[in-house]
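Trainee: Here's a sequence, model it:
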Amino acid sequence: MDVVRLFDCEDMDFIHYFYAEGDNYINCIEYMGETTRFCYTCPTHGDIEYKRYAKRSAKLAFYEFLSRLTGKTFPYGALTGIRPTKLAYMEIAEGRDYKKLFDLMHVSPENTGFVGRVIEVQRPFYAKKGGQELFISLPFCPTKCRYCSFITAPISSTKQYVDAYISCLEREIASLRPILRDVRSVYIGGGTPFAIETQQLGRVYAAIKALNLPDCEYTVEAGRPDVFTEEKLQLSKEYGVNRICVNPQSFSDETLKKIGRNHTAEQTLTAYYMADKYGFDINIDLIAGLEGEEVGDFERSLDRAIGLKPANITVHTLSLKAGARLKEETRRLHVEGIGNMIALSRRKLTQAGYEPYYMYRQKYQAGGHENCGWALPGKACAYNIGVMEEISDNIAVGANAISKRVFAQQNRIERCASPKDIPTYIAKCDKIISDRLKLFEKE
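Mentor: The predicted structure follows:
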């Protein structure tokens, strides 16, 4: 169904037959009285591989069938997973050339090569895989953007919960002491963490400081430019933060109004230069395919971001997400020129000295493209790699936070999730703490 949705063909009537003969996986697709047969051959060892190849063969069959029927192709072909790089790593671990699999699944040569570039940048991080990444959720924002699916709501309507929420965070953070070991990074994300008051932010910083963590990458997704202040930046510096995110999404004032943001492009520049004075590595986020934007509009935002020379520029492709207003109002994203926007970002960022260092994909993403983080040499965000590639434990606190423990020897991951709703999270704080300790204390 992921492939069927990719082609926007859910309303068409298919009959699908599947069976296996030895190492041959057979898929027959019947449509309008005609049946097309597809055969995918791969040696199988055990039930887990059988299920994996059965699903893969079905996706491949439907991709080839619908591609012939509609004349459409997509940049990642029949690959619908979130992490193309993880699939490549799995093939490498089995002694196989992932490029052959990507070719079989109709991934474009450009994207196969692009995945290879990401893997090359990640090589030193993979050599040191393991350890822990610490995530703290502050789900408060000035307003809610049209494309956003996070649990955030305008802080004007959630203000009454902030102090109680931070009290729970303090308890959660303090409870982590028995399970912390080899912490590689700290990431305070949102929402917009700078949306809360300076004194409230200080309480979160103080709780983290009390853990006596070793010097490590320490990121705050400060967020929207209209909430930046000298006081919050100074406080962040004093508590050891060394990376700040400034997330304009676009440098077009007209676009910013459409997506529900109250700041301007000029405020983005002000926030950037304000943060730069303190010596932070700075991350900037852009979104390709925002409402009403054409290739030229996106290019102007990209040029302005590159001109600032931040440590990291992440280019997201607009996606329809459950819970977002845009998803409720739009059945499918058809963004004119989205492929050109992504190609332009790759070319210009490469020319400016950036390298792609992590990537992931989402359902209902415009044109079937990806989100990709680009960094200057030596400036990749370790947290993004560790968490996205699932090569380190992620200890996460706060509402909608999902802790993941990686059992590398058994090749499995166990998760522990907190409620999304803020009042529910506050009410269940004790149980959340107990469940997390059980996860990370087990052998």
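
Trainee: switch to C-alpha atoms for all contacts and neighbour counts from now on
Mentor: Will do.

Trainee: what about the strands in the stretch 151-300 of the chain?
Mentor: Per DSSP state E, counting those that start in this stretch, the stretch 151-300 of the chain has strands spanning 153-154, 183-189, 217-223, 243-249, 281-288. These are given in chain order.

Trainee: Tell me which other helices or strands the last one touches.
Mentor: Which is strand 281-288. Counting contacts by 3 or more Cα pairs under 8 Å, 6 or more residues apart in numbering; DSSP states H and E, the secondary-structure elements packed against strand 281-288 are strand 243-249, helix 265-276, helix 295-308, strand 312-317, helix 338-351.

Trainee: can I get these in TSV with mean pLDDT, distance to C141 and mean neighbour count?
Mentor: What follows is those, written out as TSV (pLDDT from 0 to 100; distance: least, Cα to Cα, whole Å; neighbours: other Cα atoms under 10 Å):
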stretch	mean pLDDT	distance to C141	mean neighbour count
strand 243-249	94	12	25
helix 265-276	96	16	18
helix 295-308	97	23	17
strand 312-317	97	19	24
helix 338-351	97	28	17
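
Trainee: want to throw these into CSV with distance to D8?
Mentor: Putting the helices and strands packed on strand 281-288 into CSV (distance: least, Cα to Cα, whole Å) gives the following:
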stretch, distance to D8
strand 243-249, 27
helix 265-276, 35
helix 295-308, 24
strand 312-317, 18
helix 338-351, 17
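
Trainee: Which among these is found nearest to P109?
Mentor: P109 lies closest to helix 338-351 among the helices and strands packed on strand 281-288, at 13.3 Å (Cα to Cα).

Trainee: In a markdown table: the strands of the stretch 151-300 of the chain, plus distance to Y205.
Mentor: What follows is the strands of the stretch 151-300 of the chain, written out as a markdown table (distance: least, Cα to Cα, whole Å):
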| stretch | distance to Y205 |
| --- | --- |
| strand 153-154 | 23 |
| strand 183-189 | 10 |
| strand 217-223 | 10 |
| strand 243-249 | 14 |
| strand 281-288 | 18 |
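
Trainee: I'd like to know which of the ones you listed has the weakest mean confidence.
Mentor: Ranked on mean pLDDT, the bottom entry among those is strand 153-154, at a mean of 68.

Trainee: Extract the C-alpha set from stretch 168-187 and format it as PDB.
Mentor: The C-alpha coordinates for stretch 168-187 follow below in PDB (Å, rounded to 0.1, in the frame of the first residue of the first chain):
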ATOM      1  CA  CYS A 168       8.300  16.700  35.600                       C
ATOM      2  CA  LEU A 169      11.300  17.200  33.400                       C
ATOM      3  CA  GLU A 170      13.400  17.900  36.500                       C
ATOM      4  CA  ARG A 171      12.300  14.700  38.100                       C
ATOM      5  CA  GLU A 172      12.800  12.700  34.900                       C
ATOM      6  CA  ILE A 173      16.300  14.100  34.300                       C
ATOM      7  CA  ALA A 174      17.300  13.400  37.900                       C
ATOM      8  CA  SER A 175      16.100   9.800  37.600                       C
ATOM      9  CA  LEU A 176      18.500   9.100  34.700                       C
ATOM     10  CA  ARG A 177      21.700   9.100  36.900                       C
ATOM     11  CA  PRO A 178      21.700   5.300  37.400                       C
ATOM     12  CA  ILE A 179      21.500   4.500  33.700                       C
ATOM     13  CA  LEU A 180      23.800   7.100  32.100                       C
ATOM     14  CA  ARG A 181      27.000   5.900  30.600                       C
ATOM     15  CA  ASP A 182      29.100   7.300  27.700                       C
ATOM     16  CA  VAL A 183      26.700  10.200  26.900                       C
ATOM     17  CA  ARG A 184      27.800  11.400  23.400                       C
ATOM     18  CA  SER A 185      25.300  14.300  23.000                       C
ATOM     19  CA  VAL A 186      22.500  16.300  24.500                       C
ATOM     20  CA  TYR A 187      19.700  17.700  22.400                       C
END
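
Trainee: What lies in contact with it?
Mentor: Contact partners of stretch 168-187, identified using Cα atoms under 8 Å, 6 or more residues apart in numbering, comprise 131-136, 203-204, 207-208, 210-211, 213-214, 216-221, 382-383, 397-398, 426, 429, 433, 437, 440-441.

Trainee: count of residues packed around the nearest residue to V115 once chain neighbours are set aside?
Mentor: Once its chain neighbours are removed from consideration, V115 has its nearest residue in T85; the separation is 6.1 Å (Cα to Cα, 6 or more residues apart in numbering). Neighbours of T85 under the rule other Cα atoms under 10 Å: 22.

Trainee: again with D215
Mentor: Other residues within reach of D215, judged by other Cα under 10 Å, total 10.

Trainee: Against L376, how distant is it?
Mentor: In this view, D215 and L376 are 21 Å apart by Cα to Cα, to the nearest Å.

Trainee: Then R347?
Mentor: Relative to L376, R347 is positioned 15 Å away (criterion: Cα to Cα).

Trainee: if I look at the residue nearest the centre of the chain, how far off is L235?
Mentor: Centre of the chain computed as the mean C-alpha position; nearest residue by Cα atoms, centre = their mean is Y360, 5.8 Å away. Y360 sits 32 Å away from L235 when distances are taken as Cα to Cα.

Trainee: and of the strands of the stretch 151-300 of the chain, who's closest to S67?
Mentor: With Cα to Cα as the criterion, S67 lies closest to strand 281-288 of the strands of the stretch 151-300 of the chain, at 24.9 Å.

Trainee: quick check: angle from that closest one to helix 265-276?
Mentor: Taking axes from the mean of the first three to the mean of the last three Cα atoms, to 10 degrees, one finds that strand 281-288 is oriented at 160 degrees with respect to helix 265-276.

Trainee: Compare the strands of the stretch 151-300 of the chain and give me the one nearest L302.
Mentor: Each of the strands of the stretch 151-300 of the chain was checked against L302 via Cα to Cα, and the shortest separation belongs to strand 281-288, namely 7.6 Å.

Trainee: which residues sit against the closest one?
Mentor: So strand 281-288 is in contact with 242-250, 272, 275-276, 298, 301-302, 305, 310-318, 338, 341-342, 379, going by Cα under 8 Å, 6+ apart.

Trainee: let's see it at 6 Å
Mentor: With Cα atoms under 6 Å, 6 or more residues apart in numbering as the contact definition, strand 281-288 has outside contacts at 243-247, 249-250, 310-318.
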